[in-house]
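Visitor: Mind looking at a prediction? Sequence and model below.
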Amino acid sequence: MEYEEFEKAVDMFGILTRVSKKDIKKKYLKLSKKFHPDMPEGSDEKFIELKKNYEILCAYMDSYYFSFDKDEFRHQFPSFTNYKNWNK
C-alpha cells in the first residue's frame, strides 16, 4: 500500500478524526448504495474504487499497532505525562 492510496481512501470516506472499523463499514455501505452501477450517480469504476479504498482502510486498521514506549504514551495522552503522582 502506498501512502497516496491511503490518502485517497481517507478522502473518499471523509475521515477527519478517529474512527472505528464499525463506522468505516457503515460509511462503506452508504457509499456503496450511492455508487452502485445501477444507481443514477453510480458507475463500475467508482464502485470498484470504493471497494479498493475500503479494503485499504481495513488493512491499515488491522495491521496498526501501538508501541508502548514512554514517548508514544506521552504523545497519545499528554494530560497523563505526570504519571508519578498516580501513586500518591
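Guide: Ah, there it is.
Visitor: Just confirm Asn53 contacts Phe13, I think it does.
Guide: Yes. The criterion here is Cβ atoms under 8 Å, and Asn53 meets it with Phe13 at 6.8 Å. (Glycine included, C-beta is placed from N, CA and C.)
Visitor: Any idea which residue is closest to the centre of this structure?
Guide: When Cα atoms, centre = their mean is applied to the chain, the residue found nearest the centroid is Leu57 (5.2 Å).
Visitor: how about the nearest residue to it once chain neighbours are set aside, secondary structure?
Guide: Using Cβ to Cβ, 6 or more residues apart in numbering and skipping the chain neighbours, the partner closest in space to Leu57 is Ala9 (5.1 Å). Look at Ala9: counting by DSSP: H, G, I helix; E, B strand; the rest coil, its state is helix.
Visitor: Likewise for Cys58?
Guide: Under three-state DSSP, the three-state class of Cys58 is helix.
Visitor: and it, how many neighbours?
Guide: 15 (other Cβ atoms under 10 Å).
Visitor: For it, give me its contacts.
Guide: The contact partners of Cys58, by Cβ atoms under 8 Å, 6 or more residues apart in numbering, come to 21, 24.
Visitor: In this structure Leu50 contacts Leu31, no?
Guide: Yes. Here Leu50 reaches Leu31: they are 5.5 Å apart, a contact under Cβ under 8 Å.
Visitor: one step back: isn't the residue nearest to Leu57 up against Ile56?
Guide: Yes. Under the criterion of Cβ under 8 Å, Ala9 makes contact with Ile56 at 4.5 Å.
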